[in-house]
Structure formats: C-alpha cells, structure tokens
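>>> Below: sequence and its predicted model.
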Amino acid sequence: MAVLNEEQEMLRDMARDWATNESPVTEFRKVRASGEPEAFNRDAYGTMAEMGWAGVIIPEEHGGSDFGWLSAGLVVEELGKTLTASPLVVNTIAASAIILGGSDEQKAHWLPRLASGEAIATLAIDDASDTGDGKTTVSNGTLTGTKAFVHEAHGADLFVVAAKDGLYLVEKGDGVSLATRKLADQRSHAHVTFDGATASRLEGGGETLLEDVLDRARVLTAAEMLGMAQHVFDTTLDYLKQRVQFNQVLASFQALQHRMADLFADLAQMRSAVEAGLQAVDSGFGIDRAATIAKAEANRVLHKMSNEGIQLHGGIGMTDEYDVGFYLKRARVLEASFGSSSQMKDRFAKLGSY
C-alpha cells in the first residue's frame, strides 16, 4: 500500500466521507431512473469541483492544486466504491492531454475552466489502438470523422479527439452530433460524429502524445476499478457473515473461506499494481509498463471479483434489489475501456524490458 502524506490522507478521507454520505449507490439509482442522457448529477459534480477534485492534476497557475496522479487516484477510488456517476475521470484525462500537448493559449483558456467545473471535457477515441487513426481527418482547421463509444459525451463541452496526425480540441457545437449508446452500466456513452467541426491541434507532446494520454487513462480507470473491487469484496464478505444456510452462517464453510482468501490476495495484488501505475505517472519513469500492468491487473481482478460477488450472493445477487449486479455491469464496460486484457498483454510483450 502506498505511503500517503498528510494532505493525501485528508483528501482521501474527505472523498470517502462525501461518497459514503452524499453519493451512495442510491444516488446512482436516481440517476439511472431519471433516464437523462447525461447520466450524472450536475449539482454533485459542481460540489466535487468546489472541493478541488476536478483540478487535482492541473497546475496551480491554471487553477488546480497539482496534487498529482496518486492523489487523483485516491479520490476516484472512493467514488468507485459507491458507483458515483460523474465525468471526473474523463475530465481529468482530457485535462492531462492539454497539459502534455497544449499551447500556452490552450492551457490558459481551458485548464482553469476544467479545474473549476465550469466546463467538462472528454476523450474521443475509438479504442486503445486508435494511434494514427486514419478515419478521422483534419483539413483547413476542420475535423471530420466518427468515434463509436465516447464516455460522458452528453455532458461534455470539449472533446479531445484522436485524428490521423495527432490530438485535436473540438468544442461542442456546430459540426458535432451525438447518438446515444445504451451500455450495460447505464452511464453516458455516445457515438459522436464530427462533420467539419472547428478543431485546434495539440502541437506539443511529440509523437507519443496519444499513447501518453492513454496511459494516464488506464491508471485512473484502474483506480476506479480498484474502488469497485474493494467494495464488492467488502459487501460480499459481510453477506457471507450474516447469511444462514443449513443452520450455519455461510462464512463458516471452508470452501467459501478459501474463495474469499483468494479474492483477498487478488485484491492486494491489484492495489499494488494500480498504486504503482499512479506513482509512475507522478515520477515520470516507466509509465508505459506500469500503466499497462495496472490496467491488465485491474481487468483481471475486477472481472473475477464481480463474478464471484454475484455467485457468492446466490440467486439474489442477480436481482435489482441488490447493488452487486451494478458493479458487474460497470466492470464489463471499464474492462473494455482504454485497453482490454488482450490488448494490454500484447502491449506489454512489445514494450520489452527497460
């Protein structure tokens, strides 16, 4: 487990208290029931921004706190435990793209707005192999192309778009149209069509800019998955301790004890990988390998944890009355986001040794 400084402990505890008291899973149920395409509570996101969470990785000169990626991961992990629906993760990822590749003018215009919650940004790519995308092109300052599954697209004011020759900033408006995608997790996803939309290129960051941004997306998504896995483990263990079958508490059966012990070990390994990924981004060393390992391990463990959570709850785990099914559905979406297990294994093999 990572060693936290006092400020990080305070940030984590604040996020934990807020998520537990103000954004439990019942709030996600309300968002789901509303049927709104944005699929998040804007007032709640405004509160997150007021607490500084939208600007954790943004430099102080642009309105952020510059607390780093491990600190951002601590917040996202706590929100993942309660399935808090918000654009915080994608907004942070998009902000990182501007920090890495934006001009002084682009940074000054967008970063303060993203940090304050005045504007929301998201990353518009097709998948983890979108580098050098030939389907999205830019001509005379206008961008044309489609992105099939864009997270939190309905609430976004700015899209960071992968095109044939790099990353571009495209504002919501003329030339941008959305078609809602209904995925298992009931969050905001859209097929986005860009038809002559005004675009400005992120000129910095070099040829690896997209992959660098994706690495940050992988570790922050893995942090959300870590929070989800931890919550599924905790709630499943509590259920086994109180559920009685054959006049015995389920937790007394040795076979189930062994399964929970295996999950506990997997969870510890997942935490180690995710925290190592976040710390690698903060240090600037070995980011590609650490991010790849973090996402691959998060995919593996959350997939197993969500399956076991359903099974160990028995048939009632499949009902809408119990929350555990929501975690499985969100897990399947995140497993495929910014790098599936097979893609991460392939990437790790190609990266080679240091």
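Here it is on my side, so go on. Numbers count the residues shown, from 1 in each chain.
>>> In this structure Ser200 contacts Gly166, no?
No. Using CB atoms under 8 Å, Ser200 is not in contact with Gly166; the gap is 10.9 Å. Every residue, glycine included, has its C-beta placed from N, CA and C.
>>> Looking only at neighbour counts, state which of the two leads.
Gly166 (21 against 17; other CB atoms under 10 Å).
>>> Can you tell me, leaving aside adjacent residues, what's nearest to the more buried one?
Of all residues beyond its chain neighbours, the one nearest Gly166 is Arg201 (5.7 Å), with distances taken as CB to CB, 6 or more residues apart in numbering.
>>> And that neighbour, how close does it get to Leu302?
Distance, Arg201 to Leu302, using CB to CB, to the nearest Å: 35 Å.
>>> These two: who's more crowded?
The neighbour comparison of Arg201 against Leu302 (other CB under 10 Å) goes to Leu302, with 30 against 18.
>>> Roughly how far does that one sit from Tyr322?
18 Å.
>>> Quick check: buried residues in stretch 154-166?
His154, Gly155, Ala156, Asp157, Leu158, Phe159, Val160, Val161, Ala162, Ala163, Gly166 (16 or more other CB atoms under 10 Å).
>>> sorry, that was for stretch 248-268
Buried, per 16+ other CB under 10 Å, within stretch 248-268: Leu250, Leu256, Arg259, Met260, Leu263, Asp266, Leu267.
>>> Point out the least confident member of these, please.
pLDDT across the buried residues of stretch 248-268 is lowest for Leu250, at 87.
>>> Enumerate every residue touching that residue.
Residues in contact with Leu250 (CB atoms under 8 Å, 6 or more residues apart in numbering) are Tyr239, Leu240, Lys241, Arg243, Val244, Leu256, Leu312.
>>> Do a quick rundown of the strands in the stretch 51-200 of the chain.
Listed in chain order, the strands of the stretch 51-200 of the chain (DSSP state E, counting those that start in this stretch) span 121-124, 137-139, 142-151, 158-163, 166-171, 176-180, 189-201.
>>> So which of those is the most surrounded?
Of all the strands of the stretch 51-200 of the chain, strand 121-124 carries the top mean neighbour count, a mean of 28, counting by mean count of other CB atoms under 10 Å.
>>> Mind giving me the packing neighbours of it?
Helices and strands touching strand 121-124, by 3 or more CB pairs under 8 Å, 6 or more residues apart in numbering; DSSP states H and E, are helix 88-101, strand 142-151, strand 158-163.
>>> how much space between Gln269 and Glu77?
Computed as CB to CB, the Gln269 to Glu77 distance reads 16 Å.
>>> Likewise for Tyr327?
To Glu77, Tyr327 is 14 Å away according to CB to CB.
>>> what do you get for Glu50?
Distance, Glu50 to Glu77, by CB to CB: 20 Å.
>>> likewise Met318?
For Met318, the distance to Glu77 equals 26 Å [CB to CB].
>>> neighbour count winner among those two?
Taking other CB under 10 Å, Met318 and Glu77 do not tie; Glu77 has more neighbours (28 against 14).
>>> ok, the more buried one - contacts?
Contacts of Glu77 by CB under 8 Å, 6+ apart are Ala223, Glu224, Leu226, Gly227, Gln230.
>>> Now it: closest residue in space, sequence neighbours ignored.
The shortest distance from Glu77 to any non-neighbouring residue, by CB to CB, 6+ apart, is to Gly227 (3.9 Å).
>>> how far does the helix or strand bottoming out on mean pLDDT in the chain sit from the chain's center?
When the helices and strands of the chain are scored by mean pLDDT, DSSP states H and E, strand 244-245 comes last with a mean of 80. Centre-to-centre, strand 244-245 and its host chain are 37 Å apart (CA atoms, centre = their mean, to the nearest Å).
>>> What's the first helix or strand after it?
The first helix or strand that comes after strand 244-245 along the chain, using DSSP states H and E, is strand 248-249.
>>> Using CSV, write down the CA coordinates of stretch 229-242.
C-alpha atoms of stretch 229-242 as CSV (Å, rounded to 0.1, in the frame of the first residue of the first chain):
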residue,chain,number,x,y,z
ALA,A,229,-13.4,-4.4,-6.4
GLN,A,230,-12.8,-3.3,-2.8
HIS,A,231,-16.5,-2.6,-2.3
VAL,A,232,-17.6,-5.9,-3.9
PHE,A,233,-15.2,-7.8,-1.7
ASP,A,234,-16.3,-6.0,1.5
THR,A,235,-20.1,-6.3,0.8
THR,A,236,-19.7,-10.0,-0.2
LEU,A,237,-17.8,-10.8,2.9
ASP,A,238,-20.5,-9.0,5.0
TYR,A,239,-23.2,-11.0,3.3
LEU,A,240,-21.4,-14.3,3.9
LYS,A,241,-21.1,-13.5,7.6
GLN,A,242,-24.8,-12.9,8.0
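>>> I am finished for the moment; much appreciated.
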